[in-house]
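Student: heads up, no residue letters with this:
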């Protein structure tokens with residue numbers, strides 16, 4: 001979308017943290033879909049994971065858009 005609009009798009013540097021974040025997201029989705037932990041625990045885990053993931057996504061977006 002940014003390229004289509006003629007805006008700058010920067011490449012992201014390789015990051016081990018980004019890879020770990022992806023693994024945590026997939027594990028969280030897997031656990032949330034299991035009936036074993038129950039809805040309360042699934043929601044708690046999802047909230048605990050989603051806040052840092054969203055913060056990291058925001059940081060990546062700022063990097064790609066050239067603001068950082």
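Tutor: Cool, the structure landed. Remember, predicted model here, so these are calculated numbers, not experimental data.
Student: rest of the way, CA atoms for contacts and neighbours
Tutor: Noted.
Student: Now do stretch 13-32: everything it contacts.
Tutor: Stretch 13-32 has contacts (CA atoms under 8 Å, 6 or more residues apart in numbering) with 37, 39, 42-43, 45-46, 49, 53.
Student: Just the buried subset of those residues, please.
Tutor: Buried by 16 or more other CA atoms under 10 Å: 42, 45-46, 53, out of these.
Student: So which residue is smack in the middle of this structure?
Tutor: Central residue of the chain (CA atoms, centre = their mean): residue 53, 3.8 Å from the mean position.
Student: Quick check: phi and psi on it?
Tutor: Taking degrees, to the nearest 10, you get phi -60, psi -40 for the backbone angles of residue 53.
Student: residue contacts, it?
Tutor: By CA under 8 Å, 6+ apart, residue 53 lies in contact with 21, 25.
Student: Check what pLDDT it gets.
Tutor: pLDDT recorded at residue 53 is 87.
Student: which residues in the chain form helices?
Tutor: All helices of the chain, identified by DSSP state H, fall at 16-33, 39-64.
Student: Residue 35 versus residue 54, what's the distance?
Tutor: Separation of residue 54 from residue 35 (CA to CA, to the nearest Å): 25 Å.
Student: Then residue 46?
Tutor: 15 Å.
Student: now swap in residue 6 and tell me
Tutor: Taking CA to CA as the measure, residue 6 falls 47 Å from residue 35.
Student: do residue 9 as well
Tutor: 42 Å.
Student: Those two: who's more crowded?
Tutor: Remark: of residue 9 and residue 35, residue 9 carries more neighbours, 14 against 9, as counted by other CA atoms under 10 Å.
Student: Phi and psi next, for the more buried one.
Tutor: Dihedral angles for residue 9 - degrees, to the nearest 10 - are phi -130, psi 120.
Student: Low-confidence bits of this protein, can you list those?
Tutor: Residues of the chain meeting the criterion pLDDT under 70: none.
Student: try 90
Tutor: Along the chain, the model assigns pLDDT under 90 to residues 1-53, 56, 63, 66-68.
Student: ok, back up a step: do you know which of the helices of the chain lies nearest residue 2?
Tutor: helix 39-64 (9.8 Å; CA to CA).
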